[in-house]
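K.L.:
okay, predicted coordinates and the sequence, questions at the end:
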Amino acid sequence: MLHKTLKDFPKNFFWGASTSAYQVEGAWDKDGKGPSVIDIAPVVPGTTDFKVTSDHYHHYKEDVKLFAELGLKAYRFSIAWTRIFPHGTGEINPLGVAFYNNLINELKAHNIEPIVTIYHFDLPYALQQKGGWSNRATVDAFAFYCETLFELYGDRVKYWLTINEQNMMILHGDAIGTKSVSGENPVKDLYQQNHHMLLAQAKAMKACHEILPHAKIGPAPNISAIYPASSKPEDVLAASNCSSIRNWLYLDMAVYGRYNNIAWSFLEERNATPDIEEGDMEIMASAKPDFIAFNYYSTQTVAASAGDASDVGSTGDQQIVVGEIGVYKGASNPNLGKNDFGWEIDPVGFRNTLREIYERYALPLIVTENGLGAFDKVEADGSINDDYRINYLQAHIDQIQLAITDGVEVFGFCPWSAIDLVSTHQGCSKRYGFIHVNRDEFDLKDMKRSKKKSFFWYNALIAKNGAK
Ligand code: BGP
């Protein structure tokens with residue numbers, strides 16, 4: 001649809017930015033923090049580990065000051081479960097509690113709205129040793145952790161995100177470093193874990209509404225519009241399969257409390273439907289999100305399955321389709337360019353995705369990740385001219401405005417990432433931030449913060465509430 005007049009961004013739009021605890025904080029074993037699955041996972045060869053990252057734990061005051069200078073209205077960050085409960089449950093760690101109290105207070109003092117992700121990939125290792133998400137006890141540990149956060153920080157935190165990219169942990173847990181499955185039927189084990197996470201999320205949403213009646217909570221999956229590789233009906237069917245398994249399985253459960261029928265049929269085909277205990281579906285049906293948060297980097301394109309191993313590509317990560325035998329096969333989109341890491345760039349697909357989610361669920365949307373990973377170059381004068389990042393973000397922001405004009409309710413945009421941090425599996429040379437951190441893959445240097453060109457661009461854009 002071509003619009004003659006564009007609607008403005010809403011008055012109190014959350015122009016924000018995002019990070020996650022394990023990718024930005026460092027201090028992986030400081031002040032009583034317990035290990036998470038990320039701390040224990042093998043490091044991808046040639047990339048740094050997650051022990052120090054951007055050392056935000058020790059630099060948070062300076063960082064929040066920079067976020068305020070950037071003009072952020074909101075900051076989306078995650079709480080490291082093992083700072084609060086070093087063993088996942090049981091004894092609380094007062095120093096970990098204090099860190100987030102300080103961070104939240106600092107944000108509030110600078111008029112930045114904290115948006116808290118409760119769990120961003122870093123499951124406590126102590127829980128993993130007892131079976132992780134395969135063990136139903138982890139659902140209760142998560143619910144208890146959530147209730148604790150609501151009690152501790154709910155007087156100042158109004159916006160909560162349950163689980164970051166549960167769908168990517170299920171589909172790409174190998175790349176992210178979170179996957180651990182066992183048993184005779186690993187697919188069943190995987191989707192049993194998925195069921196437990198969905199149940200844990202439902203419990204979190206219910207507890208949030210009970211404990212904090214004025215707070216708002218929602219899921220935070222990675223959602224991408226899925227294109228068929230051609231107009232062949234078989235390709236269109238494959239795209240529908242992929243969309244149900246990748247996107248709607250998660251949001252249908254979060255919003256409607258029911259399993260998506262196509263995803264369920266896929267699980268039946270693999271003898272992988274989860275065991276559902278009495279009462280589970282009632283809990284899922286009675287838990288309601290207030291909004292949908294989602295991360296968007298690109299769209300995906302798929303073709304009809306060939307019905308054999310050729311459906312499965314050799315590699316894949318959050319934005320690269322792996323393929324499912326008999327269901328769909330990954331394809332590339334000849335209409336799109338790619339970033340340095342093979343991720344397709346599709347701003348118009350962002351509008352498609354926003355429209356599709358809103359039309360389906362009619363809940364307010366917030367974008368909790370979107371951004372460009374790139375090898376930044378520091379010039380001799382110290383400047384970083386990341387025009388490619390500015391172009392990427394501006395093109396995506398333009399599409400949000402078009403989606404808003406289409407009638408989609410969007411209340412915030414939190415690009416990835418506020419500050420440079422360590423990528424999930426591609427080290428710290430893959431940078432995303434508005435703020436540069438002076439360190440290399442293996443040389444920690446002085447961690448000095450400096451403003452990239454995109455910092456000044458985003459600051460000016462926020463000051464005009466996105467108007468040109
Ligand atoms: C998302 C994750 C983030 C972040 C981002 C960029 O899937 O939620 O944690 O890392 O992708 O991905 P990467 O770090 O792999 O470049």
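P.N.:
Cool, got the structure.
K.L.:
how about the closest residue to Cys146 other than its chain neighbours, what does it touch?
P.N.:
For Cys146, ignoring the flanking residues on the chain, the nearest one in space by CB to CB, 6 or more residues apart in numbering is Ala204 at 4.2 Å. Every residue, glycine included, has its C-beta placed from N, CA and C. Listed by CB atoms under 8 Å, 6 or more residues apart in numbering, the contact set of Ala204 reads 118, 142-143, 146, 160, 162, 217.
K.L.:
just the ones of the residues you listed in helices?
P.N.:
Among the contacts of Ala204, the residues falling in helices (DSSP state H) are 142-143, 146.
K.L.:
out of the residues you listed, which is nearest to the ligand?
P.N.:
Of all the ones in helices among the contacts of Ala204, Phe142 has the smallest distance to the ligand: 18.0 Å, by CB to the nearest ligand atom.
K.L.:
so which residues on the stretch 1-150 of the chain come close to the ligand?
P.N.:
Listed as neighbours of the ligand in the stretch 1-150 of the chain under the rule CB under 6 Å from any ligand atom: 20, 23.
K.L.:
now the strands for the stretch 151-300 of the chain?
P.N.:
159-164, 216-220, 226-228, 292-295, 300-303 (DSSP state E, counting those that start in this stretch).
K.L.:
in the chain, what residue is nearest the ligand?
P.N.:
Ser423 (3.2 Å).
K.L.:
sorry, back to before: and the strands of the stretch 151-300 of the chain: which comes nearest Glu359?
P.N.:
Evaluated over the strands of the stretch 151-300 of the chain, closeness to Glu359 peaks at strand 292-295, with 12.1 Å, by CB to CB.
K.L.:
follow-up on the earlier one: for the ones in helices among the contacts of Ala204, which single residue is the most surrounded?
P.N.:
Phe142 (28 neighbours; other CB atoms under 10 Å).
K.L.:
gap between it and Ala202?
P.N.:
11 Å (CB to CB, to the nearest Å).
K.L.:
now do Gly323
P.N.:
Relative to Ala202, and taking CB to CB, Gly323 is found at 30 Å.
K.L.:
quick one, which of these two is more surrounded?
P.N.:
Between Gly323 and Ala202, Ala202 has the larger neighbour count (other CB under 10 Å), namely 27 against 22.
K.L.:
in a markdown table: the contacts of Ala204, plus distance to Trp343.
P.N.:
As requested, the contacts of Ala204 are arranged in a markdown table below (distance: CB to CB, whole Å):
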| residue | distance to Trp343 |
| --- | --- |
| Ile118 | 26 |
| Phe142 | 30 |
| Ala143 | 35 |
| Cys146 | 32 |
| Trp160 | 28 |
| Thr162 | 25 |
| Ile217 | 29 |
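K.L.:
format those as a markdown table; extra columns: distance to Ser454 and pLDDT.
P.N.:
Putting the contacts of Ala204 into a markdown table (distance: CB to CB, whole Å; pLDDT from 0 to 100) gives the following:
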| residue | distance to Ser454 | pLDDT |
| --- | --- | --- |
| Ile118 | 29 | 98 |
| Phe142 | 36 | 98 |
| Ala143 | 39 | 98 |
| Cys146 | 34 | 98 |
| Trp160 | 28 | 98 |
| Thr162 | 30 | 98 |
| Ile217 | 30 | 98 |
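K.L.:
quick revisit: now the phi/psi pair for the nearest residue to the residue of the chain closest to the ligand once chain neighbours are set aside, please.
P.N.:
Nearest non-adjacent residue to Ser423, counting by CB to CB, 6+ apart: Lys430, 4.4 Å away. The phi/psi pair for Lys430 (degrees, to the nearest 10) reads phi -80, psi 100.
K.L.:
got a list of what Lys430 touches?
P.N.:
So Lys430 contacts 340-341, 373-375, 423 (CB under 8 Å, 6+ apart).
K.L.:
alongside the ligand, which residues does the stretch 251-400 of the chain contribute?
P.N.:
Counting by CB under 6 Å from any ligand atom, the stretch 251-400 of the chain sits next to the ligand at 295, 318, 369, 373.
K.L.:
which residue sits closest to the second one, ignoring its sequence neighbours?
P.N.:
Excluding the flanking residues, the one nearest Gln318 by CB to CB, 6+ apart is Met168, at 4.8 Å.
K.L.:
and that neighbour, what does it touch?
P.N.:
Contacts here follow CB under 8 Å, 6+ apart; on that basis Met168 touches 176, 221-222, 318.
K.L.:
let me have those in TSV, extended by neighbour count and pLDDT.
P.N.:
TSV is the format used below for those (neighbours: other CB atoms under 10 Å; pLDDT from 0 to 100):
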residue	neighbour count	pLDDT
Ile176	19	92
Pro221	27	98
Asn222	24	98
Gln318	21	89
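K.L.:
just the ones of these in helices?
P.N.:
Per DSSP H, these map to helices at Ile176.
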